[in-house]
Every structure is written in structure tokens, then in C-alpha cells.
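**Q** got a sequence here, can you model it:
(one chain, ligands or ions: 1)
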Amino acid sequence: MRIKPWLAGLSPYPPGKSLEEVRRELGLKGPIYKLASNENPLGPSPRALKALRKSLEDIHRYPEASNRALAEAIARRFGLKPENVVVGNGSNEVIDLLIEALVSPGEEILFSEPSFLMYEKFGAAAGAVLKRVPLKNYRHDLEGLLSAVTPRTRVIFLDHPHNPTGSVLSGEEFEAFLRALPPEILVVLDEAYGEFVRDPQAVRGVDFLRRGFAVAVLRTFSKAYGLAGLRVGYGLMPEDLARVLNAIRQPFNVNLLAQVAAVAALEDEGHLQRTRRLTWEGLDYLSQALSGLGLRPLPSQANFLFVECGRPARPLYEALLRKGLIVRSMEAYGFPEALRISVGLPEENRALIQALGEIL
Ligand SMILES: Cc1ncc(COP(=O)(O)O)c(C=O)c1O
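**A** Numbers count the residues shown, from 1 in each chain. Purely as a prediction, here's the structure:
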């Protein structure tokens, strides 16, 4: 056999520790709070759960291969056509499909450093050349990205809000960026946290898609909709591109339960609104309380806070872990003095602040 040479050095995605692992390793007795993966602390919509229970009896059948009902529900929500929608096994799969459709070995993909890990993971697997542009003031450096473009650039990934900082771009900045790019480059706005954005100036990718710009917008049911464990996300994009992605993906890429739950979750506007309210109140509370402890949380348009601690953050991360609070150390992202903290339930947020107060 001959494995493709560019795959030799790749390793699997490093998963976070499970609650049980943490409990066992640290011998913790009390409650453990996971504020590390930007999940919905309210859990899934009760309507999604009900639809799931009903569909359990149908799992001897294959799901709908076209994901049609879900694509229609998504299209209705955004005023687009189902032909603009690609549903995936998490939005992760849509990232992979976009690269597969657009990037040949040796061609370039461009993204900020740090960014969501999957752009580089799927890019590397496709044999793409990975080009990274450092953030500027914790935001995407659009000028820097523009100057990194070459004739071999095929796709630019922008996580928006940015993960891990929670920063956003204005519609104006984004439009100027798009207009300065050669038309053969696709810009992907990864709006995994799009439902949490409060800033009315922030870009909404779908507005640009409706205006005919060649952009792809990624969204997910893993965050605001509380369905991370089912793995379902989607991309909104020009019809000709969506047609190709739907042609190359697996026929049953989204399982039956995920399809049914996602349709029901989309219909439960009340649960989404409760989630947003809880998140925004949590962000406000945590920002104020963390600042009160002498730390520096950045303004965030997502459901997490990037916190500059002004000292090495790993000891803080480890001390929190010993108290049963799992957050994310930003060392591996190039910020050894920062933590990323997901907004939890009010009692989880209070427990975090109390624990940090004791540690500091
Ligand atoms: C920026 C960003 N994009 C995409 C995803 C992946 O979402 P999904 O669960 O839909 O694959 C995440 C999840 O952490 C993310 O932070």
C-alpha cells in the first residue's frame, strides 16, 4: 500500500475529557460543571425530544437521503431555496465537503490564527497548503488576509463570531473585504454561534448570499439548538455549489433521529429565545464578575468568554478542574495567559465565580 504522503503526520482530533474521566482522575465527589465546549446548558428543545421519542420506532428504516424536509425548513427560515442548503453530519462535515469540492492538493486555504481547528484538519487531509494570518486585536485581520491571497488561494474560512475570542466583523468591513477579493475565491462565514450575536452591526452572512455574493454560510444545531450529540449542521450557499456538495456527500449523511429533531428544534422558537436570554444574562453577569476579580474578559458575541488573566492561565485551569469546573485553557491556541469559558446555567456561572474568587 502507499498512503498519501501528506497524510502521514496527521493525528486524530484531541477530544476534551468526559465528565466521568475528570471525576475518576481527580477523585471528585461533588457536582462537575462543564463550561468548556460551548454547548447549550438548557439542553435540547422539549419539542425535539418528543419528536425523537416518536421516531425511535422508525430507526430500522433508512433516513431520507435528500434531507429534504430539513433543508426546506432551514430554507424557509432564511428566505432561501432548499437548493441553497447542504445539510451535514455537524457543520464539520460541510467544512470537509467545501474543501473537497474546491481545493486540490497544493492549492491554498486561508484562515486566521487561532481559529476553529477543523479548517486546518480537513485542509491538511486534502493536501491543501494551510496559510494562517495572526489575529489583530483579537479580531480577524482582513487586510492581513487580503495580502496573504495568492493565485492558488481557493477558500477563506472566517469563524464569525470568532472562536475562541467571540469577536465579530461589521457588515461594512466584510463587504469591502469581499469586493477586494478575486471572484474565484470562496469566503466561508462559519456562523456556528450566529444565533447568539447581539451586535446589530455584525455581518450576517445570509444577507450577503441573498445579495448575490459568492459566500457560504455555516450554521449548526450543536450550540444554540442544544443538539451537539446528534451531529447536525448546515451550509447556505449558491445553488451551483450546493448541488456539487450534495452530489459528493454520502446519501444518508444525517441520521434519521438528527433530521427529525432538527426540524422540531427549528420550530421551537420559544426554546431558542430562552437560550439566547439565558446566554446574554450569563455573559453580562460573568463579564462583570470576572472584571471584578481583576481578570479581563473580552466583549463576546458568542456563548463563551475569552478571558485574559494577566498571569499563566494553566494553574488557574488546573485549580478550577480540582474544584469540579472544566473550562478551556488557551495555551494550545497561542494564548498562555487566557481561558475560554462557556456560559452555563446561573448556578454554574456563580459556582465558577466563587471558585475563581477562592483561587485568586
Ligand atoms: C467555529 C465553529 N465551527 C463549527 C463548529 C462545529 O460544529 P458542529 O458540531 O456543527 O460540527 C464549532 C464547534 O465547536 C465551532 O466552534
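**Q** check contacts around whichever residue of the stretch 251-360 of the chain sits closest to the ligand.
**A** Nearest residue of the stretch 251-360 of the chain to the ligand: Ala302, at 8.3 Å (CB to the nearest ligand atom). Yep, even glycine has a C-beta here, placed from its N, CA and C like the rest. For Ala302, the contact set (CB atoms under 8 Å, 6 or more residues apart in numbering) comprises Asn38, Pro161, Asn163, Gly166, Tyr193, Phe196, Val197.
**Q** mind listing what Leu227 touches?
**A** Per CB under 8 Å, 6+ apart, neighbours of Leu227: Pro44, Ala48, Phe221, Ala258, Ala261, Ala262, Ala265.
**Q** the stretch 201-350 of the chain against the ligand: which residues are in contact?
**A** Thr220, Ser222, Ala228, Gly233 (CB under 6 Å from any ligand atom).
**Q** bridged to the nearest residue to the first one once chain neighbours are set aside, which residues?
**A** Leaving aside its chain neighbours, Thr220 sits nearest to Gly233 (3.7 Å; criterion: CB to CB, 6 or more residues apart in numbering). Taking DSSP bridges as the rule, Gly233 bridges to Gly88, Thr220.
**Q** thought Gly233 was touching Asn92?
**A** Yes - contact criterion CB atoms under 8 Å: Gly233 and Asn92 qualify, at 7.0 Å.
**Q** secondary structure element for Ile95?
**A** helix 91-102 (DSSP states H and E).
**Q** just checking, what packs against that helix?
**A** Under the contact criterion of 3 or more CB pairs under 8 Å, 6 or more residues apart in numbering; DSSP states H and E, helix 91-102 touches strand 85-88, helix 118-125, strand 153-159, strand 186-190, strand 215-220, strand 233-236, helix 239-248.
**Q** who wins on neighbours among the residues of the stretch 201-350 of the chain next to the ligand?
**A** Counting neighbours by other CB atoms under 10 Å, Gly233 leads these with 28 neighbours.
**Q** re earlier: any idea which of the contacts of Ala302 is closest to the ligand?
**A** Using CB to the nearest ligand atom, those come closest to the ligand at Asn163, 4.1 Å.
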